[in-house]
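J.: No letters, just coordinates:
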């Protein structure tokens, strides 16, 4: 799967140059030109990397980085800015960013820093899954949603792990039976539906947006949160 990069940069010419260069390297790139839109896009949890300018209209980059981290977004952040003072670099890294690149820069250096962040993320991904505000730790087998720990049984944990490894895919009961229960699907049993209901009660009932969706007549889908769904959840909560 191609690496998915979000570029939040108000200088459109610069943003478009970065987009073109990264796409030539086989990456999928989304560009955003203001802080508010960039923050919402960053919360989606669908990107593998965020390249973030500091001096943005609407909302500055430091604020964006801090809010992304406070809401549980773990996507690596590479700050890209002309502000090259040591104090600003420290503030950027302390805000939650993972690396800092100053303008003007050599594109080869940007690629090298992206590769380094990607290696670090792949290492972390082997022990933890994260989608939106839901995280699953494969080492200590802990699950958290919106910073609230969720207690799961062994089978519930296995079911959630499979869902999180296949986001936005329609998964039939046959597939879940074979991959999670490791047995041939029995059309006369409702055990899968029962366990999905258990899981919904624990990770969806008290939270928004809902993650597990029924695809009638087909199966289930674990949907990645979108900006629209988060906005709806915030409206309901207010």
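T.: Okay, I see it. As the structure is a prediction and not an experimental result, all values here were calculated from the model.
J.: Torsion angles phi and psi at the residue most central in space within the chain?
T.: If you average the C-alpha coordinates of the chain and look for the closest C-alpha using Cα atoms, centre = their mean, you land on residue 45, 2.1 Å from that point. Here the main-chain torsion angles of residue 45 (degrees, to the nearest 10) amount to phi 70, psi 10.
J.: Ok, residue 144 next?
T.: According to degrees, to the nearest 10, the main-chain angles of residue 144 amount to phi -130, psi 140.
J.: Quickly list what it is bridged to.
T.: residue 135, residue 149 (DSSP bridges).
J.: circling back to that earlier point, didn't the residue nearest to the centre of the chain look like it was pressed against residue 129?
T.: No. With contacts counted by Cβ atoms under 8 Å, residue 45 stays clear of residue 129, the gap being 10.9 Å. (Each C-beta comes from the backbone N, C-alpha and C, glycine too.)
J.: Could you check how far the closest residue to residue 12 other than its chain neighbours is from residue 8?
T.: The spatially closest residue to residue 12, leaving aside those adjacent along the chain, is residue 33, at 5.8 Å (Cβ to Cβ, 6 or more residues apart in numbering). Between residue 33 and residue 8 the computed distance is 8 Å (Cβ to Cβ, to the nearest Å).
J.: swap in residue 132?
T.: Using Cβ to Cβ, one gets 19 Å for the distance from residue 132 to residue 8.
J.: For this structure, just list every one of the helices.
T.: Per DSSP state H, the chain carries helices over the ranges 12-24, 35-42, 61-70, 86-94, 107-125, 154-165, 173-176, 191-203, 227-237.
J.: pLDDT score assigned to residue 166?
T.: For residue 166, the model assigns a pLDDT of 87.
J.: Can you check the pLDDT for the closest residue to it other than its chain neighbours?
T.: Of all residues not flanking residue 166 in the chain, residue 222 sits nearest, at 6.9 Å (Cβ to Cβ, 6+ apart). As summarised for this prediction, residue 222 has a pLDDT of 93.
J.: in the sheet, who's paired with residue 222?
T.: According to DSSP bridges, beta-bridge pairing links residue 222 with residue 212.
J.: Roughly how far does it sit from residue 151?
T.: When distances are taken as Cβ to Cβ, residue 222 and residue 151 turn out to be 19 Å apart.
J.: now swap in residue 37 and tell me
T.: In this structure, residue 37 lies at 37 Å from residue 151, with Cβ to Cβ as the measure.
J.: Kindly report the same for residue 110.
T.: Distance of residue 110 to residue 151, computed by Cβ to Cβ: 43 Å.
J.: Who has more neighbours out of these two?
T.: The residue with the greater number of neighbours, taking residue 110 and residue 151 and applying other Cβ atoms under 10 Å, is residue 110; the counts read 18 against 9.
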